[in-house]
Each structure stands twice: as structure tokens, then as C-alpha cells.
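J.: have a look at this fold, sequence not included:
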């Protein structure tokens, strides 16, 4: 099955978790774009919608949705987003699209976080995908130096040149990492002055992971050490 069809299947499966009257948070990226295309099918179920990026907001509005702010809705029902990598504990790397800070805020505020990926994104250890770190522009070089000098990280931070986040900040993509302890790495990088947030989602991991594959959509729930819950035919 082509990757696009796997992503579409995962996005479609996520719609089953949206119940009448819910406020829905929508992430950013190619898999989420499939979700946004399908959301009008269940428009009558959705009370309000919030978005993690200007790009997703524009797509939602193009499909007829009025997008609320998080300040307007407060804590809310369900957040649906993709990931660049996930391990079997539903700890994620996110931020390939540069929206990691707003994504992390929306994930934190949601009562349930559904992550939708294709099967190439499920990994044994996080870090093959370059880890995005959003930084204040004035601190970009300092943060890069602090990370490159760390004997524990052993990563290579590269400025995502020409890219500005929706918050007006820069992105460092850290290559060649092996993230054996995502919780510890998330806290350590977030502690560097000038870092806005790091694209490790371990403190707020996903609650449910939906994985589009050749045989349908595989569901993993975050209950301790997660175990597969079987396949849902797409």
C-alpha cells in the first residue's frame, strides 16, 4: 500500500474517536491534511475546532470551519496529530513541519491525544529522524554550541535555514541522536536557556497511536508498556 493511502487510513480511523459535541484539536502535517479533508463528513459532531498552525488553520477554514483559539476553549476533548517517529511507549518526535511548540501546547491541553502515522514511523528507538528544537533567534548559535559540546547528546544541530516558525522563532534540527531515555532528553534540552521547546513528546506522550499499514490500521494504547490492540480494517 502506498504511504499516502496508509496515512489516509490512519486519519480515517481517528475520526471514530470524535464524539458528538466535542472540541477537536488539529495538528499539522501531511497525515493531518487527510484528516482535515474528511472532517466535513462529521461536521455535525464537532462543536469547536482549534489548530496548531497557520497552515492547518487555513485548511480548516477552506473546508468551512471557524477556528477557535485555545484561550477561548481552555482544556478540551481530543487532539489529533501526526508524528515523525513513535516508539512503542507512544513517545514521539514531532516538529518536521515546524509547529512543535503549538502542537505540544495543544497536546498538553487535551484530555485525549490521538497520534496518526504510517507504519514507517514506528521505531525501536527515537532519533533517526532529526530532532527539531525551536529556539529564540538571538540564542540559536548559543543553543547549537551547548548541544554540540554535550558529551551525552552527541548530536549535530543544524539550523533550518530560511524557516521561521509561526511564533517568529528558528528551528535547529539535531542529527545523529540515539534517544534511549526520551523523558530525560526532553527535560535536559528544554532546560537550555533560549530553547522554546524540543520536539520530543515524552512528558505528554500520545494516549492512542493509530498506525496505517498494508493490513489496515493498528492501534496501540498507552497503558504502561503498550501492547498492540489488533488491526482495524480500513
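T.: Done, it's in. Since the model is a prediction, treat every value here as computed from it, not as a measurement.
J.: list the buried residues in the longest strand seen in the chain.
T.: Longest strand in the chain, counting residues (DSSP state E): strand 110-118. Residues of strand 110-118 classed as buried by neighbour count (16 or more other CB atoms under 10 Å): 110, 112, 113, 114, 115, 116, 117, 118. (Glycine included, C-beta is placed from N, CA and C.)
J.: ok, the last one to residue 219 distance?
T.: Going from residue 118 to residue 219 by CB to CB, to the nearest Å gives 14 Å.
J.: could you do the second one as well?
T.: Here the criterion is CB to CB. By it, residue 112 lies 13 Å from residue 219.
J.: residues near residue 69, how many?
T.: By other CB atoms under 10 Å, 9 other residues sit near residue 69.
J.: quick one: contacts for the residue nearest to it when sequence neighbours are not counted?
T.: Counting by CB to CB, 6 or more residues apart in numbering, residue 69 lies nearest to residue 50, which is 6.8 Å off, once chain neighbours are set aside. The contact partners of residue 50, by CB atoms under 8 Å, 6 or more residues apart in numbering, come to 23, 24, 25, 26, 67, 68, 69, 70, 73, 76, 106.
J.: now the angle between strand 110-118 and the helix or strand encompassing residue 50, please.
T.: Using DSSP states H and E, residue 50 sits in strand 46-51. Per axes from the mean of the first three to the mean of the last three CA atoms, to 10 degrees, the angle that strand 46-51 makes with strand 110-118 is 70 degrees.
J.: low-scoring stretches of the protein, by residue?
T.: 151, 224-234 (pLDDT under 70).
J.: mind running it again at 90?
T.: Applying pLDDT under 90 to the chain picks out residues 1-3, 148-155, 178, 222-234.
J.: domain assignment for it?
T.: For the chain, the domain assignment from automatic domain parsing gives the residue ranges 3-123+203-232, 131-198.
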